[in-house]
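K.L.:
Please work out how this folds:
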Amino acid sequence: MAKIGLFFGSSTGNTEYISYEMKAEFDKRDPSLVEVFNVGSSSPEQMMKYQYLVMGIPTWNTGQLQDDWEVFIPKMSGHDMTGKKVAIFGVGDQNGYGFNFLDAVGMLADEVMALGAELYGMWPVKGYEFNESLAQVEDHFLSVGIDQDGQADMTPKRIVAWVDQVLEEFKLK
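P.N.:
Just a heads-up that it's a prediction; the model follows:
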């Protein structure tokens, strides 16, 4: 079994694509490090097997959870995530949805922290243009923000830097 479980939800394929780009970057360090799961066909029990978790979530519509995560999150209720190390990456469109950019990240982060998980992978808001975000805490997001609509050219660089950051914070580097 891999050390890190990467769980994603994706409706249009963007978050799935980014998940596999993340895995490819993790694989450059250690090909046996990450196993990828679509949360839509996963169970909380599968997730709970991992000490280290990476979760990929897009903000859908106007600040809503992606459908698979909306179904999955209530299933997590009652599971103890104490000691789990979680890093979240969010996919959103800061230009089209600047008043709720990465909101789903904030919602997911609240849920996993309420279950006892420790959150890693915070990312600076510098370089993004948005109005509001439930994922923002002071000058950081609770995750890296991936904007394939407005800043796709920044995605590869952000993935490389964030993977390095998460591995260091997880103490797996």
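K.L.:
any chance you could map the helices in the chain?
P.N.:
14-29, 44-48, 67-76, 103-114, 155-169 (DSSP state H).
K.L.:
What lies in contact with the shortest one?
P.N.:
Just to be clear, that refers to helix 44-48. With contact meaning CB atoms under 8 Å, 6 or more residues apart in numbering, helix 44-48 is reached by G5, F7, F37, L53, F72, K75, M76, H79, M81, K84. All C-beta spots, glycine's among them, are computed from the backbone N, C-alpha and C.
K.L.:
State the distance from Q151 to G63.
P.N.:
Separation of Q151 from G63 (CB to CB, to the nearest Å): 19 Å.
K.L.:
Kindly report the same for I159.
P.N.:
I159 is 24 Å from G63, by CB to CB.
K.L.:
Now render the helices of the chain as JSON lines, adding distance to H140.
P.N.:
Compiled in JSON lines, those are given as follows (distance: least, CB to CB, whole Å):
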{"stretch": "helix 14-29", "distance to H140": "19"}
{"stretch": "helix 44-48", "distance to H140": "25"}
{"stretch": "helix 67-76", "distance to H140": "22"}
{"stretch": "helix 103-114", "distance to H140": "11"}
{"stretch": "helix 155-169", "distance to H140": "12"}
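K.L.:
Let me know how buried E118 is, in neighbour terms.
P.N.:
Neighbour count of E118, defined by other CB atoms under 10 Å: 15.
K.L.:
which residue lies farthest from the center of this structure?
P.N.:
G78 (21.3 Å; CA atoms, centre = their mean).
K.L.:
Name every strand pairing with the lowest-mean-pLDDT helix or strand in the chain and say which way it goes.
P.N.:
Ranked by mean pLDDT, DSSP states H and E, the weakest helix or strand in the chain is strand 64-65, scoring a mean of 91. Take DSSP bridges as the rule and strand 64-65 pairs in its sheet with strand 52-60 (antiparallel).
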